[in-house]
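Visitor: mind folding the following:
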Amino acid sequence: MPEARQPLGELTLQNQALLDLVLERDRLYFEFPEKLYPILLRPCTVKVLLVADGGLDFSMGDFGLRTFVGTLRTTAPYYARFEITVGHIEAVGNDSVMLGHPWVARGIRSFRFDDPSHFTPDMYDEVWLFGIATSYADRGTAANGQPYPNNRLADTELRALSEHMDGGRGLFATGDHGYLGTCLSGAVPRARSMRLWGDTDPDPAHNEVSMGGPRRNDTNRSGPSAGTQFNDQSDHVPQLIDPTMYYRWRGFLRVAYPHPLLCGPRGVIRVMPDHPHEGQCALPADTEASDTFSGYAIVEYPTTGGSVRPLPEMVATSHVLSGTTAAGKTATDAHSFGSIAAYDGHRANVGRVVTDATWHHFVNVNLIGDTTVPLSDPKRRGFLWQAPDGSYPGQVALDDIKAYYRNIAVWIAPATLIACMNSRIRWGLLWHHRVLEAVLTHTDVALKKATPTLLFEVGRHARDALGQFASECQSLEFMLDQLKILLPVDLLEKLDPWWPKPVPPIPEPDPPPWLDPSPILDMALGGTLLALREDCGVPDVERAEEASERISSVADRGARYGVELALQSLRDVASFVERAGGHPDSPRQAS
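Guide: Predicted coordinates for the structure are as follows:
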């Protein structure tokens, strides 16, 4: 008899068992990385509060945020763990706040920011606001004895949020078209001026945040159905966005980076879920505003202590196509609008803030499909739709969108927690197999005897390893965070693409500089890892937590030595060019 052959593409029983092991390994990597790799330190815990109101909640319904919550829970990087609390302004059911669900630490109904059992300024590391309500029913009496307003949060709540942000903690806020979300976020400092919480024009024909006017922010893109339908928002085809790009010279190479929020494992994140009428982000008209809530004074955008005032930036733009008529709406006029804004408050010693044009970038109906269409309709599954050929054409876009969620959660964390995460990254890099090969071959070399070439090679291997689990922007931020106190400001400005630009802007040099200062980053990282290796010795699980207390000081010592060596090397090059009769930034003079 002919030998029975397994059909091509079918897994054997043994390979299925291997696949199960791979899936279990992936689960451990995201949920309990220290169990998968015992040498790793426990992830830094980031306490996240998610609050919704009105018809938004945390259920599996179309306007539920359960898919988003699951993403934060299951795709956290190995160096961070998001401890999630969800709250709802109204007395919703248990499932709407995921009460008792293993993904969340706590679910709170009838949430109040001035109830100390719900919220205090230092209770959470970051707050996310998802608002839809334009008016509140009777919420009772606020902590100051006054009735809660019906169109915004109470002054006592705004005070608590202001203190939260001024304490260096993060905030995210979003609504939808028109006034949707104004109750929850429209009066919150910083968020109130980084997004529109009302119409752009009283005339519907010119209102960009209307539901049906020709200037509405309609980002829907046609999917598997002919023409344009309202529920194209639920198919596997995303809208394309334009991230703002930040440029720096690397020698003769002009390098472009998006904002860290839009830097993903595959590169620049250029997609978002689409929707027929989005809201709109904005930049503040009054950059020197201040306010007082229940006796607490807050400056909207404080200075750094001198004359520099870091300000919000528009980090992404969305585009409306001409002629979209979903659900019988008026055909659209082509235009563009701000879709994501970011404020780096860490530069002014306060919290970071991010606003988004719409919560439709986060809710179930835009991610995993429309429950009201037939099971056979591709729009029933959203980005998880399986094509007839067995592929998942929306999966790549969904992975980028999930990376955006994760980026927000990391970027708006307090600076102290980012430092904690960075220490975990350094420790993880030290025991990465790629770095072990580079470092262990030089165990006899003390830090102070290391050559610039050795530090550069170790750092280069480490940056490559870092790129396997962090985006290029995150890798660069990771290194720049350590060097902020070690490098001269003028050199740091050349290395940091997100360095605040002067107003008015100073033109970039032309021609570009001859010397590329970026190897300083590699040498600083190489010095960091060599110092950690010298201090900690061979891998020792028992000593890992003990070593965690010294990581920052040891790493800074190594980075400082790497920077000193790099700067000396640069000076040697400059001296050589000078002796040769020229200057690295100017043509050699004819003799």
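
Visitor: where in the protein is pLDDT low?
Guide: Applying pLDDT under 70 to the chain picks out residues 1-11, 438-444, 502-514, 538-545, 581-591.

Visitor: report all helices and strands that the longest helix along the chain contacts.
Guide: In the chain, taking DSSP state H as the definition, the longest helix is helix 551-579. Helix 551-579 sits against helix 415-430, helix 452-466, helix 472-483, helix 519-536, with contacts defined as 3 or more C-beta pairs under 8 Å, 6 or more residues apart in numbering; DSSP states H and E. Placement of C-beta: from N, CA and C, glycine included.

Visitor: tell me the angle of it relative to helix 519-536?
Guide: Orientation of helix 551-579 against helix 519-536 (axes from the mean of the first three to the mean of the last three C-alpha atoms, to 10 degrees) gives an angle of 140 degrees.

Visitor: tell me the backbone dihedrals of residue 129, please.
Guide: In terms of degrees, to the nearest 10, the main-chain angles of residue 129 are phi -110, psi 120.

Visitor: show me the contacts for the residue nearest the centre of the chain.
Guide: The chain has residue 407 as the residue nearest its centroid, 2.1 Å off, counting by C-alpha atoms, centre = their mean. Applying C-beta atoms under 8 Å, 6 or more residues apart in numbering, we find residue 407 in contact with 260-264, 471, 474.

Visitor: tell me the spacing between it and residue 472.
Guide: Taking C-beta to C-beta, to the nearest Å as the measure, residue 407 falls 12 Å from residue 472.

Visitor: residue 437 now?
Guide: For residue 437, the distance to residue 472 - C-beta to C-beta - is 22 Å.

Visitor: tell me which of these two has more neighbours.
Guide: Shown here are residue 437 and residue 472; by other C-beta atoms under 10 Å, residue 472 has more neighbours (19 against 10).

Visitor: touching, the more buried one and residue 257? I think so.
Guide: Yes. Using C-beta atoms under 8 Å, residue 472 is in contact with residue 257, at 7.2 Å.

Visitor: need the residues touching each of those two.
Guide: In contact with both residue 472 and residue 257: residue 263, using C-beta under 8 Å, 6+ apart.

Visitor: and the closest residue to residue 224 other than its chain neighbours, how many neighbours?
Guide: Leaving out its chain neighbours, the residue that sits closest to residue 224 by C-beta to C-beta, 6 or more residues apart in numbering is residue 378, at 4.8 Å. Residues near residue 378, counting by other C-beta under 10 Å, number 20.

Visitor: how about residue 141?
Guide: 11.

Visitor: also residue 567?
Guide: Residues lying near residue 567 (other C-beta under 10 Å) number 17.

Visitor: against residue 483, how distant is it?
Guide: Remark: distance between residue 567 and residue 483 (C-beta to C-beta) = 11 Å.

Visitor: then residue 333?
Guide: Here the criterion is C-beta to C-beta. By it, residue 333 lies 47 Å from residue 483.

Visitor: neighbour count: those two, which is higher?
Guide: residue 483 (21 against 18).

Visitor: which residues does that one contact?
Guide: If a contact means C-beta under 8 Å, 6+ apart, then residue 483 has 492, 495, 520-521, 524, 559, 563 as its contacts.

Visitor: next one: residue 433
Guide: If you count contacts by C-beta under 8 Å, 6+ apart, then residue 433 has nothing around it.

Visitor: and it, how far from residue 560?
Guide: 27 Å.

Visitor: what of residue 379?
Guide: Separation of residue 379 from residue 560 (C-beta to C-beta): 56 Å.

Visitor: more crowded one of those two?
Guide: Ranked by neighbour count (other C-beta under 10 Å), residue 379 and residue 560 place residue 379 first, with 22 against 18.

Visitor: does that one touch residue 223 like I think?
Guide: Yes. Assessed by C-beta under 8 Å, residue 379 is found in contact with residue 223 at 7.1 Å.

Visitor: so which residues of the stretch 251-400 of the chain form helices?
Guide: Assigned by DSSP state H, counting those that start in this stretch, the helices in the stretch 251-400 of the chain fall at 364-367, 395-411.

Visitor: mind checking those helices for the one nearest to residue 354?
Guide: Nearest of the helices of the stretch 251-400 of the chain to residue 354, taken as C-beta to C-beta: helix 395-411 at 5.5 Å.

Visitor: tilt between that closest one and helix 472-483?
Guide: 20 degrees.

Visitor: buried set for helix 395-411?
Guide: Buried residues in helix 395-411, defined by neighbour count with 16 or more other C-beta atoms under 10 Å: 397-411.

Visitor: ok, now stretch 423-435?
Guide: Quick answer for stretch 423-435 (16+ other C-beta under 10 Å): 423-432, 435.

Visitor: of all the residues you listed, which comes closest to residue 216?
Guide: residue 425 (43.1 Å).

Visitor: roughly how far does the residue lying closest to that closest one once chain neighbours are set aside sit from residue 533?
Guide: Leaving aside its sequence neighbours, residue 425 sits nearest to residue 79 (C-beta to C-beta, 6+ apart; 5.3 Å). Distance of residue 79 to residue 533, given as C-beta to C-beta: 19 Å.

Visitor: cool, and residue 209?
Guide: With C-beta to C-beta as the criterion, residue 209 and residue 533 are 55 Å apart.

Visitor: of these two, who's got more company?
Guide: More crowded of residue 209 and residue 533, by other C-beta under 10 Å: residue 209, with 27 against 23.

Visitor: determine which two of the contacts of residue 407 are furthest apart.
Guide: That would be 262 and 474, which, of those, are the farthest apart (C-beta to C-beta) at 11.4 Å.

Visitor: more crowded one of these two?
Guide: Taking neighbours as other C-beta under 10 Å, residue 262 and residue 474 compare with residue 262 leading, 28 against 23.

Visitor: surely the more buried one meets residue 316?
Guide: Yes. Residue 262 lies in contact with residue 316 (C-beta under 8 Å); the separation is 6.1 Å.
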